[in-house]
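Colleague: my questions are about this predicted structure, shown below with the sequence.
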Amino acid sequence: MLIQIQAGCLRKLRAAHHLSLSAAMAAISLTQYSIFSKPSILFSRNRVGTFNLSLAFSTSSAVSSDDFHRRKWRLPVGASTVELGGVKIAKEDVVRDDPTNNVPDAIFTKLGMQLHRRDQHPLGILKNAIYDYFDRTYSNKFEKFDDLCPIVSVKANFDDVLVPADHVSRSYNDTYYIDSQTVLRCHTSAHQAELLRRGHTHFLVTGDVYRRDSIDSTHYPVFHQMEGVRVFSPSDWETSGTDATSYAAQDLKTCLEGLARHLFGAVEMRWVDTYFPFTSPSFELEIFFQEKWLEVLGCGVMEQEILKRSGRTDNSAWAFGLGLERLAMVLFDIPDIRLFWSTDERFTSQFAKGQLGIKFKPFSKYPPCYKDMSFWISGSFTENNLCEVVRGIAGDLVEEVRLIDNFTNKKGMTSHCYRIAYRSMERSLTDEEINDLQWKVREEVQNKLKVVLR
């Protein structure tokens, strides 16, 4: 019934050319809310320090965890639609013939994969371990949302969490734009304001987030975040003898120190002051793990302006965000972020529901193959654009793209030399295959980036 209503809404909204995709998704979200009377939205941070937001939301799962376990961990080859939060999204809704659209086909294939909702996947195991901590510590007080649609408005992704208009994260070099007003969320904080407006005061949001990024063992254009928010009323802090901000900050630190012990055991911790647009004061939690300091998450006391816009002028709140891949790579000893997307049974069979911290046993000894490429760059050249082109041709066979040399001649022309490492995690690559990939990469780089190869 719900999906039929949603599908009908989407067909009608597609036909209305004056509506943006974000408006369509917002309308569908409201349909879901009116049926279930229970919504969702939030903010979070990734491996290096970032947060998330979104408009569309759902309280019902389109696919159950059991269904995920029975299915292969992949989308059908050539799939033209995906189902997100009970809504079917066509490829042409995401990869569009629009001058502001920069979403490649390869990114569309990641939509709907939802690795964090698979109980036998390292990301799902970690998510559930965090859920367990909050359920036991707060007597199931925190609501959980892990099926929110990643297609969100620019307003939700940036404006609602006070990201400045000139912030670098808004650029087409960093964010995937569907159109000028619609993006693939680049942090789970994209849902924060809407959830607050709907009356939620304790919630966790988990989801896949998207960023145009470099290529190496710890960076990938799709990753997963979790955000947590807790709202306080004046009655909470007035009897404590402290002000609202101090009360929220201390409660936040107590909560997250407990979470770190839950995940890592008895470890040394330290708090580092930092800056985020959406919290003040802001902190990063670091733990001393395997003989080095590891950044675990970012957090802080929510900016009062966010609460004010959400109709909560008299409240205080804290929020945190963490990157699931960053923590899972440490807890499970996973050396390459591409492995999370592997469907090879030698990877998937190593993990089991509820088994946090099983150490990954490498099964690939295949050597990398290196190819260099030099060219004169233009004024519009960026490394993220180069990585998008390389990934579009080679997919997950590209392990790293690294600048190894650059110089500027007397005429003011700048040359870059990049070394591309190709390596499969599952099989040996032939010389013929690598040479063919490199030739296609060179052609695509020259055509799309308007550079002159050397």
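Modeller: Everything's here; your move. Just so we're clear, the structure is a prediction, and the values are computed from it rather than from any experiment.

Colleague: just for this structure, where's the confidence low?
Modeller: Residue ranges of the chain with pLDDT under 70: 1-79.

Colleague: what segments of the stretch 301-450 of the chain are helices?
Modeller: Taking DSSP state H, counting those that start in this stretch as the test, the helices found in the stretch 301-450 of the chain are 304-309, 324-331, 345-348, 383-394, 431-449.

Colleague: Val209: which of the ones you listed is closest?
Modeller: In terms of C-beta to C-beta, the element of the helices of the stretch 301-450 of the chain nearest to Val209 is helix 324-331, at 10.1 Å. Any C-beta I mention is one placed from the backbone N, CA and C, and that applies to glycine too.

Colleague: residues contacting that closest one, please?
Modeller: 46-48, 116, 122-123, 126-127, 206, 218, 220, 223-226, 263-264, 289-290, 294-296, 334-335, 337, 340, 356-357 (C-beta atoms under 8 Å, 6 or more residues apart in numbering).

Colleague: what do you get for stretch 338-346?
Modeller: 72-74, 110, 113, 115, 121-123, 217, 220, 325, 328, 334, 347-348, 360, 363, 396, 399, 425-426.

Colleague: quick one: which of those sit in strands?
Modeller: Glu399 (DSSP state E).

Colleague: just the buried ones from the contacts of stretch 338-346?
Modeller: Buried subset of the contacts of stretch 338-346 (neighbour count, 16 or more other C-beta atoms under 10 Å): 73, 110, 113, 115, 121-123, 220, 325, 328, 334, 347, 360, 396, 399, 425.

Colleague: tell me the contacts of Ala394?
Modeller: Ile420, Tyr422, Leu437, Val441.

Colleague: rerun that using 10 Å as the cut-off
Modeller: Ile215, Val401, Ile420, Tyr422, Ile434, Leu437, Gln438, Lys440, Val441 (C-beta atoms under 10 Å, 6 or more residues apart in numbering).

Colleague: who's the second one bridged to?
Modeller: This points to Val401. Ile420 (DSSP bridges).

Colleague: give me the number of residues near it?
Modeller: As a burial measure, Val401 scores 21 neighbours (other C-beta atoms under 10 Å).

Colleague: which of the helices of the stretch 301-450 of the chain is buried the deepest?
Modeller: helix 324-331 (a mean of 23; mean count of other C-beta atoms under 10 Å).

Colleague: in the protein, which helix has the most residues?
Modeller: helix 244-264 (DSSP state H).

Colleague: next secondary structure after it?
Modeller: Using DSSP states H and E, the helix or strand that directly follows helix 244-264 along the chain is strand 268-276.

Colleague: how far is that following strand from where the chain is centred?
Modeller: 22 Å (C-alpha atoms, centre = their mean, to the nearest Å).

Colleague: now for the helix or strand just after it, which elements pack on it?
Modeller: Reading on from strand 268-276 to the C-terminus, the next helix or strand found by DSSP H and E is strand 279-289. Packing contacts for strand 279-289, counted by 3 or more C-beta pairs under 10 Å, 6 or more residues apart in numbering; DSSP states H and E, involve helix 244-264, strand 268-276, strand 292-302, helix 304-309, strand 316-323, helix 324-331.

Colleague: show residues contacting the shortest one.
Modeller: Which is helix 304-309. Contacts for helix 304-309 (C-beta under 10 Å, 6+ apart): 43, 159-162, 189, 192-193, 196-197, 229, 231, 244-245, 277-280, 303, 312-317, 319.

Colleague: return a ChimeraX selection command for the buried portion of the residues you listed.
Modeller: Only the buried entries of the contacts of helix 304-309 go into this ChimeraX selection, using 16+ other C-beta under 10 Å:
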select :43,159,160,161,162,189,192,193,196,229,231,244,245,277,278,279,303,312,315,316,317,319
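
Colleague: in this structure, which residue is most central in space?
Modeller: Central residue of the chain (C-alpha atoms, centre = their mean): Val209, 2.3 Å from the mean position.

Colleague: that residue sits in which helix or strand?
Modeller: Counting by DSSP H and E, Val209 is part of strand 202-210.

Colleague: between strand 316-323 and that strand, find me the angle.
Modeller: 40 degrees (axes from the mean of the first three to the mean of the last three C-alpha atoms, to 10 degrees).
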